[in-house]
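> Sequence and computational prediction follow.
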Amino acid sequence: MDKEFSNIRIIDIAKMAGVSVGTVDRVIHNRGRVSEENRKKVQAILEMVHYQPNLMARSLASKKQFHFIAIIPSFTKGEYWEAISEGIDKAALEMESYNITITKLFFDQYNNKTFDDIIRKLFDERVDGVLIATLFTDSVIRLSLELDKNDIPYVYVDSNIEGQHQLAYYGTESYDAGVIAARLLTDRLSSTSDILMARITHNGKNDSNQGKNRREGFCRYLNEIGFGGKLYEVELKIDDSVYNFMKLDEIFGMNPNIAGAVIFNSTCYILGNYLKAREMKSVKLVGYDLIKRNTQLLSEGVITALVAQRPEKQGYDGIKSLCNHLLFKQSLEKVNLMPIDILLKENLKYYLNNML
């Protein structure tokens, strides 16, 4: 709340909106009958003053305990999912005095079986709300159906899945992020240059919902502009640099017209390290996410551009939305799109200085 409105009361809001205190109370708590005209008046004032109901008073009065589950990929320090986890932790710290606990359950982002294992054990304890990283579409839908049956609200982060009953989604439009990567790359290439699309593999099924949508947007844009070059694909391994260098030497050696490259997840550094080691400065590389290994290569000019999606804010807003829904029955926007940020060497330091 702005300092100007830090001590605002419901009675003050009622006066500003020209309605009764009871009307303001009904709008805030989404109960009872309120005319559409008065609802709009009150909502306008609430938004202007950034009003937040007293969560502490409500939760302490009810004495009710809430248990949220956050299902996200495991990670090592500096990886993309660490930022999502930090956002969840930030929200958890704010909520711990409100009778809310949050448990994080981790799965292998390159193996959908580990996600399915979580589903089988999820209901062994009480669950009031769930945040889900939607990497594996089929598995996430199965989980969503179970949560629907048990009347448990859930929130998606990272990428959206339409046709489900999620309370809300926080993230970017993955397809558009793929289009943006294509524009960033083709603007720097001739119309007849070739492009390499790299895919990172591991054990188990590992085509994420996010990556598939980005790839679709990327390829559709190339088709729409009549891109005249060839597209090549290569599979690289997350943890085998020797194999990766061998495969990349082979494909670049056989196709010297490759002038651009893209990876549709946060492992852009894998291809970037190869280009740096081979001193292939003419190849333009576009990737995703501001993890340290990517930003270092961006600052050195090895990576041409990164497309970022504010993962910490996704985790934070996802947990807060569950709180707002369950504690004081706020209605939420179902789709909440994060900005798609374009990072270049020249503006990187300004962005890093202003991250959430």
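Here it is on my side, so go on. Numbering: from 1, shown residues only.
> can you pull the contacts of the closest residue to S282 other than its chain neighbours?
In this structure, S282 finds its nearest non-sequential neighbour in A259, 6.5 Å apart by C-beta to C-beta, 6 or more residues apart in numbering. (Glycine included, C-beta is placed from N, CA and C.) Each residue near A259 by C-beta atoms under 8 Å, 6 or more residues apart in numbering is listed here: 189-190, 193-195, 229, 282-284.
> Just checking: what are the partner strands of the helix or strand hosting V307?
For V307, the element it lies in under DSSP states H and E is strand 305-308. Here strand 305-308 has these sheet partners by DSSP bridges: strand 284-288 (parallel), strand 341-343 (antiparallel).
> Can you give me the first-to-last residue distance of stretch 115-129?
17 Å (C-alpha to C-alpha, to the nearest Å).
> related to what we said a few turns ago, what comes into contact with the strand holding V307?
Counting by C-beta under 8 Å, 6+ apart, residues outside strand 305-308 touching it are 177, 180-181, 184, 268, 286-290, 294-295, 298, 340-344, 351.
> and if we set it to 6 Å?
177, 180-181, 184, 286-288, 290, 294, 298, 341, 343-344 (C-beta atoms under 6 Å, 6 or more residues apart in numbering).
> just stretch 333-350 next, same as before
168-173, 177, 180, 298-299, 301, 305-306, 308-310, 351.
> Quick check on the residue nearest to S282: phi, psi?
phi -120, psi 0 (degrees, to the nearest 10).
> which helices and strands sit right next to the strand or helix carrying V242?
For V242, the enclosing helix or strand under DSSP H and E is helix 241-254. Contact here means 3 or more C-beta pairs under 6 Å, 6 or more residues apart in numbering; DSSP states H and E; on that basis helix 241-254 packs against strand 231-237.
> Name the residues of the helix or strand where N294 lies that are buried.
According to DSSP H and E, N294 maps onto helix 292-299. Going by neighbour count (16 or more other C-beta atoms under 10 Å), the buried part of helix 292-299 is 293-295, 297-298.
> same deal with stretch 69-83?
Neighbour-count burial for stretch 69-83 [16+ other C-beta under 10 Å]: 69-73, 75, 79-83.
> Give the residue spans of the stretch 201-350 of the chain that score low on pLDDT.
202-207, 328 (pLDDT under 70).
> before we move on, the earlier item: run the angle between the helix holding V242 and strand 231-237 for me.
Here helix 241-254 runs at an angle of 160 degrees relative to strand 231-237 (axes from the mean of the first three to the mean of the last three C-alpha atoms, to 10 degrees).
> ok, which stretches of the stretch 1-150 of the chain are helices?
Per DSSP state H, counting those that start in this stretch, the stretch 1-150 of the chain carries helices over the ranges 10-17, 21-28, 36-49, 55-62, 80-95, 112-121, 137-149.
> The ones you listed: which one's closest to D128?
helix 137-149 (11.0 Å; C-beta to C-beta).
> packing partners for whichever helix or strand comes after that closest one?
Using DSSP H and E, the helix or strand that follows helix 137-149 in sequence is strand 154-158. Packing partners of strand 154-158 (3+ C-beta pairs under 6 Å, 6+ apart): strand 129-133, strand 168-171, helix 311-328.
> any idea how far the first one is from the chain center?
Right, strand 129-133. Chain-centre distance of strand 129-133: 12 Å, with C-alpha atoms, centre = their mean, to the nearest Å.
> on that earlier part again, dump the helices of the stretch 1-150 of the chain to a markdown table, plus mean pLDDT.
Shown next, in a markdown table, are the helices of the stretch 1-150 of the chain (pLDDT from 0 to 100):
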| stretch | mean pLDDT |
| --- | --- |
| helix 10-17 | 87 |
| helix 21-28 | 82 |
| helix 36-49 | 88 |
| helix 55-62 | 51 |
| helix 80-95 | 92 |
| helix 112-121 | 91 |
| helix 137-149 | 95 |
